[in-house]
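1. Attaching a predicted model along with its sequence, questions to come.
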Amino acid sequence: MNKRVKRFWGRALAVVLMGVMLCGCGATTTGNSSMNAVEQDKIQIGMCFDSFVIERWQRDRDVFVSAAKELGAEVNVQNANGDVEQQKSQIDYFIKKNVDVIVIICIDPAELVDSIKKAHDAGIKVIAYDRPVPNADVDLYISFDNEKVGELMGEAMVKAGLGGGKVLMINGSPKDQNVPMVREGFRNVMRKNGVEILDEYYCDGWKAELASGYVYSNPELVKEADGIMCGNDDLASRVVFSLAEMRLAGKKLVCGQDADLEACQRIVEGTQIMTVYKPIEKLAQKAAEAAVTLAKGEEIVDEGLSEYKEGNGSIPYLKIEPIGVTKDNIDEVIINSGFHLREDVYLNVKE
């Protein structure tokens, strides 16, 4: 008998006993207690975000919560605001609440291994959402094909003229386990096309101000580079702003990922050559479906399911395909899909 079934019968018995007690006192019941028991027995999902600084996370949250609700589950969303100690406390809170599944957008994977073990010891399933948590034996890692993300970035920059040139890499957080995968995909393309990587830099905590700080601190390297690879669109926004102050915006190839609205605006304006669109709605929908499936004690069946190797073992990995977006296909991929409105994307472009 799994945790949800035990919980249901325990609550049902409590309702029956309550009814008997009320009847013995001559009270009249309206059935509200039974309804409350049914409500309480809904699948309970705890969702713990790194922060909402990155634009896309709010969209992930909204789609996940809506999809889970349609599947009969309730979601308790917590925001750690980039503080790993707070994230650990929130996981402890979910364990005390006896939720069925915890979905984690991880800040620092090394710091969460013990917390995830405690959740497992309590019979709670754990999903690593978008970012892996190595050595924690999570029940599912769901994300995009992150090496493909890096490849798409590199291919777009080569197509735009970077081949045989020089590039700077401004990566995301060194604690984000997706970053090495994106980096490897990008470097592979650079290697195949004879592109020299002048320097690499990591932005701790995905802090965008660190990206602009790097540009300001290394003006000679920036001038020498033909392009700048940015770990995401938030970093790219600060890089492009810094380049504009140096009168180099539009003269250096800049790429990012996440298809943030401002990045899409920069693409049609000509100051960013590409972004990587990751169909967040699909990711969040599939994550919600997987969470409910795990809560029911059932096996996840999906054509995108593979394995993510860690140490001597592996964990289930549900992989979603990303799409490279340039000026050539932005209408088709971004606007026609409804991800952003045309009037917003072309806000600063004269017809």
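-> Arrived safely, thanks for sending. Numbering: from 1, shown residues only.
2. just checking, Glu209 is part of a helix?
-> Yes: counting by DSSP: H, G, I helix; E, B strand; the rest coil, Glu209 is found in a helix.
3. I'd guessed it sits against Ser237; true?
-> No: the criterion here is Cβ atoms under 8 Å, and Glu209 misses it with Ser237 at 10.7 Å. Any C-beta I mention is one placed from the backbone N, CA and C, and that applies to glycine too.
4. Those two: which has the busier surroundings?
-> Neighbours were counted for Glu209 and for Ser237 using other Cβ atoms under 10 Å; Ser237 has more, 24 against 10.
5. Name the surrounding residues that touch the helix or strand hosting that one.
-> Using DSSP states H and E, Ser237 sits in helix 233-245. Under the contact criterion Cβ atoms under 8 Å, 6 or more residues apart in numbering, helix 233-245 has outside partners 53-55, 170, 172, 203, 206, 208-209, 211-212, 215-216, 222, 228, 230, 249, 251-252, 254-260, 262-263, 266, 271-272, 275.
6. Going along the chain, name the helices of the protein.
-> 3-24, 32-40, 56-70, 84-96, 109-121, 146-157, 179-192, 208-217, 219-224, 233-245, 261-269, 280-295, 330, 342-345 (DSSP state H).
7. closest to Asn135 out of the ones you listed?
-> Asn135 lies closest to helix 109-121 among these, at 5.7 Å (Cβ to Cβ).
8. got the angle between the helix holding Ser237 and helix 261-269?
-> 50 degrees (axes from the mean of the first three to the mean of the last three Cα atoms, to 10 degrees).
9. Extract the C-alpha set from helix 233-245 and format it as PDB.
-> Provided in PDB are the C-alpha atoms of helix 233-245 (Å, rounded to 0.1, in the frame of the first residue of the first chain):
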ATOM      1  CA  ASP A 233      19.800  35.900 -22.700                       C
ATOM      2  CA  ASP A 234      20.000  37.600 -19.400                       C
ATOM      3  CA  LEU A 235      23.800  37.600 -19.600                       C
ATOM      4  CA  ALA A 236      23.500  38.600 -23.300                       C
ATOM      5  CA  SER A 237      21.400  41.700 -22.300                       C
ATOM      6  CA  ARG A 238      24.200  43.100 -20.100                       C
ATOM      7  CA  VAL A 239      26.900  42.200 -22.700                       C
ATOM      8  CA  VAL A 240      25.000  44.000 -25.500                       C
ATOM      9  CA  PHE A 241      24.400  47.000 -23.200                       C
ATOM     10  CA  SER A 242      28.200  47.100 -22.500                       C
ATOM     11  CA  LEU A 243      29.000  46.800 -26.100                       C
ATOM     12  CA  ALA A 244      26.700  49.700 -26.900                       C
ATOM     13  CA  GLU A 245      28.600  51.900 -24.500                       C
END
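10. For it, give the mean pLDDT please.
-> For helix 233-245, mean pLDDT rounds to 97.
11. same question, stretch 272-286
-> pLDDT averaged over stretch 272-286 gives 95.
12. shouldn't Cys255 be in contact with Val158?
-> No: in this structure, Cys255 is not within contact of Val158 by Cβ under 8 Å, at 10.8 Å.
13. Please say which of those two ends up with more neighbours.
-> Of the pair Cys255 and Val158, Cys255 is the one with more neighbours under other Cβ under 10 Å, namely 29 against 21.
14. list the contacts for that one?
-> Met153, Ala156, Met157, Gly227, Ile228, Met229, Cys230, Ala236, Gln272, Ile273, Met274, Thr275.
15. now with 10 Å?
-> 152-154, 156-157, 160, 162, 167, 186, 227-231, 233, 236, 263, 267, 272-276, 324, 326 (Cβ atoms under 10 Å, 6 or more residues apart in numbering).
16. so where is the chain shaky, pLDDT-wise?
-> Across the chain, residues meeting the criterion (pLDDT under 70) sit at 1-40, 351.
17. The closest residue to Pro109 other than its chain neighbours - how many residues pack around it?
-> Residue nearest to Pro109 in three dimensions, not counting chain neighbours: Val133, with 4.3 Å by Cβ to Cβ, 6 or more residues apart in numbering. By other Cβ under 10 Å, the residues close to Val133 number 25.
18. now Asn336
-> 11.
19. Just to check, it is in contact with Tyr277?
-> No: at 11.8 Å, Asn336 and Tyr277 do not qualify as touching, with contact defined as Cβ atoms under 10 Å.
20. Kindly point out which residues are neighbours of both of these two.
-> Both Asn336 and Tyr277 are contacted by Asn329, Ile330, under the criterion Cβ under 10 Å, 6+ apart.
21. what's the angle from the helix holding Ser237 to helix 56-70?
-> Going by the same axes, to 10 degrees, helix 233-245 makes 160 degrees with helix 56-70.
22. and helix 233-245 with helix 208-217, angle?
-> Using the same axes, to 10 degrees: helix 233-245 against helix 208-217 is 30 degrees.
23. what comes up buried for helix 233-245?
-> Asp233, Asp234, Leu235, Ala236, Ser237, Arg238, Val239, Val240, Ser242, Leu243 (16 or more other Cβ atoms under 10 Å).
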